[in-house]
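Undergrad: sequence first, predicted coordinates after that:
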Amino acid sequence: MLGNVTGQAYVGGIAGRGNGITIEDCRVTGTITGLQNSDTGGIIGTSGGVSSIERCYSSGIVTGRAGVGGIVGACTGRTTTLSNSFALGLKVERTIANGSPGRVSSGSIMILSNNRASDRMELRRNGNVIAPTSDAYGRDGATVADSVLRNNAAPYTALGWDFTNIWATSAGYPLLRKVGHIKPTSITVAPPHSIIPDTGPYNQVQLTAEVLPANAMNKGVIWSVVAGSIATVDANGLVTASWGAGTVTVRATSVDNPGVWGEATVLVQHFWLYHEVDRYGCDYLQLEAGDTATLDPVGLVPGEYITSFVPDDPGVVEVVSLDPLIIKGVSGGAVQIVAETNFGRTYLQFAYVPYLGLNYTEKVIEVGESFELGTLQSILGADVEIDDADSSPVGIVAIDPSDPYSLTITGLRPGDVTVTVYAEINGIDVKADCKITVTLDYSDVELST
């Protein structure tokens, strides 16, 4: 600000009074005058709340009747910070007899840090010159030769002033550069590569976008998925996976400069169990009783592992170990096994131990009576081939092999017999027994005397 400001109360070159404000990288050159018993400062008259004034300077004359300071007149609490600033004016004067002005601020209850004052500045109270306080970092700041403060960036850059983008040296004190609208020139998305599961409580990843340069005026971005459909991204860069597997490319595009964007890839992993036997286009795993099979977990993400693998019928299969994942066939039947990981994902594995089922395992018939022993497939769609059937001892029943899937049995003479049926199911040899008792109906027998 270049010019003069005169006011009745709370007078400053940038603001008269502010609560919870931030003032950075500004300058005031001119005469600031407060007429009533209120605070007057080169940058701001009175500040309050959690406020911050940083990297500013005031040059000229500041005059007032109450709290008078070269940069800040006064503050209303200990939550205002004035730092890395310069008081470069000719004079700071309090026009009444009591109280003291300050080259930086009239009071020390605010937080003062790394402030400087030109040695040309004069402090006056009611027309009389007074000396600065001895506390170099208090309300009067540390004294610096005025010649050092002109046409020299060093004293300012030492306090964090940006002479590349904001400030410029001149024959006198620093000048603010003419800053146009600064647009983003690059965006970096982090992490650049992520792997997440498709389900469970961990199927999300938070992406962030770093927008440069640091002083870009609008750092807003628009998030979108530009390749793939296995995940979505919300307005804040949170990626959520859908069920399945695949890769998506997520882009953060500058709101202010749509030609600038950054991208990251997210790999979505689907969890399942691989095994060599996969019949009928389903996930049945076939085992012979007593045999073992190793299943390979597929789609686990870094840090994920199987915590449990529980069959619903331990009489059909048993779990030998979890790492590696090994199961063993126990007896004929079908079973469902639930695999669960530490990331809360589950997978339902079906296992099958082939067996041959008959309509009967025990049967009582009479001589001359027939029935169909029949064979039952152990699972729907299984490839069942009846190879043979015999009886022991022979001669008690007759077996009609014309329809091996019906197997008509006829009683020939009284006695006990075991009929054994031999079959091949999905390439595995199996057999099943039926115990038959053949009796004679004596009611039809005519006794002679």
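TA: Looks like it came in fine. Numbers count the residues shown, from 1 in each chain.
Undergrad: which strand residues bridge the nearest residue to Ile44 once chain neighbours are set aside?
TA: Nearest-residue entry for Ile44: Gly12, 4.0 Å, with adjacent residues in sequence omitted and distances by CB to CB, 6 or more residues apart in numbering. For glycine as for every other residue, the C-beta is placed from the backbone atoms N, C-alpha and C. Residues in a beta bridge with Gly12, per DSSP bridges, are Gly41.
Undergrad: can you give me the helices for the protein?
TA: Residue ranges of the helices in the chain, as given by DSSP state H, are 154-157.
Undergrad: domain parsing of it, as residue ranges.
TA: Using automatic domain parsing, the domains assigned to the chain come out as 5-176, 186-269, 272-353, 357-442.
Undergrad: deepest-packed of the ones you listed, please.
TA: Scoring the domains of the chain by mean neighbour count under mean count of other CB atoms under 10 Å gives domain 5-176 as the most buried, with a mean of 20.
Undergrad: TSV for the domains of the chain, including mean pLDDT?
TA: Formatted as TSV, the entries for those read as follows, by pLDDT from 0 to 100:
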stretch	mean pLDDT
domain 5-176	88
domain 186-269	94
domain 272-353	85
domain 357-442	83
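Undergrad: about what we covered before: so who does the residue nearest to Ile44 touch?
TA: Contacts of Gly12 were listed using CB atoms under 8 Å, 6 or more residues apart in numbering, and they are 5, 32, 40-45, 73.
Undergrad: please apply the same query to Leu212.
TA: Counting by CB under 8 Å, 6+ apart, Leu212 touches 184-188.
Undergrad: how near is it to Ser85?
TA: Using CB to CB, to the nearest Å, one obtains 27 Å as the distance from Leu212 to Ser85.
Undergrad: what does Gly69 give?
TA: Here the criterion is CB to CB. By it, Gly69 lies 11 Å from Ser85.
Undergrad: shared neighbours of those two, anything?
TA: When contacts are counted by CB under 8 Å, 6+ apart, Gly69 and Ser85 are jointly contacted by Val104.
Undergrad: please name the nearest non-neighbouring residue to Tyr355.
TA: With CB to CB, 6+ apart as the measure, Gly332 is the residue that lies nearest to Tyr355, at 2.5 Å, once sequence neighbours are left out.
Undergrad: typo on my end, Ser85
TA: Taking CB to CB, 6+ apart, and ignoring the residues beside it in sequence, Ser85 has Cys56 as its nearest neighbour in space, at 4.7 Å.
Undergrad: before we move on, back to that, nearest to Ala339 among the contacts of Gly12?
TA: Nearest to Ala339, judged by CB to CB, of those is Ile44 at 66.3 Å.
Undergrad: from Gln286, how far out is that closest one?
TA: For Ile44, the distance to Gln286 equals 83 Å [CB to CB].
Undergrad: which ones are touching Ser308?
TA: Ser308 makes contacts with 322, 338-340, as judged by CB under 8 Å, 6+ apart.
Undergrad: quick check: beta-bridge partners of it?
TA: When assigned by DSSP bridges, Ser308 has beta-bridge partners Glu340.
Undergrad: now do it against Asp296, distance only.
TA: The gap separating Ser308 from Asp296 is 17 Å, by CB to CB.
Undergrad: also Gly34?
TA: From Gly34 across to Asp296, the span is 81 Å (CB to CB).
Undergrad: contact partners for the spatially most central residue of the chain?
TA: The C-alpha lying nearest the average C-alpha coordinate of the chain belongs to Val205 (CA atoms, centre = their mean; 2.9 Å). By CB under 8 Å, 6+ apart, the residues touching Val205 are 191, 194, 196, 238-239, 266.
Undergrad: bridging residues for it?
TA: Here Val205 sits in beta bridges with Val239, as judged by DSSP bridges.
Undergrad: can you check Cys56 too?
TA: If you apply DSSP bridges, the partners that Cys56 bridges to are Cys26.
Undergrad: please apply the same query to the one 5 residues further on.
TA: With beta bridges defined as DSSP bridges, Ile61 has these partners: Thr31, Lys91.
Undergrad: tell me if I'm right that it and Leu88 touch.
TA: No: under the criterion of CB atoms under 8 Å, Ile61 makes no contact with Leu88, lying 11.4 Å away.
Undergrad: list the beta-bridge partners for Thr418.
TA: Residues found in beta-bridge contact with Thr418 (criterion: DSSP bridges) are Ser392, Lys435.
Undergrad: who's in contact with the closest residue to Thr133 other than its chain neighbours?
TA: Once flanking residues are discounted, Thr133 sits nearest to Asp140: 4.9 Å by CB to CB, 6+ apart. When the contact criterion is CB under 8 Å, 6+ apart, the partners of Asp140 are 102-104, 117, 123, 132-133.
Undergrad: narrow these to those in strands?
TA: The members of the contacts of Asp140 that map onto strands under DSSP state E are 117, 123.
Undergrad: of all the contacts of Asp140, which comes closest to Val419?
TA: When those are ranked by distance to Val419 (CB to CB), Val104 comes first, at 110.5 Å.
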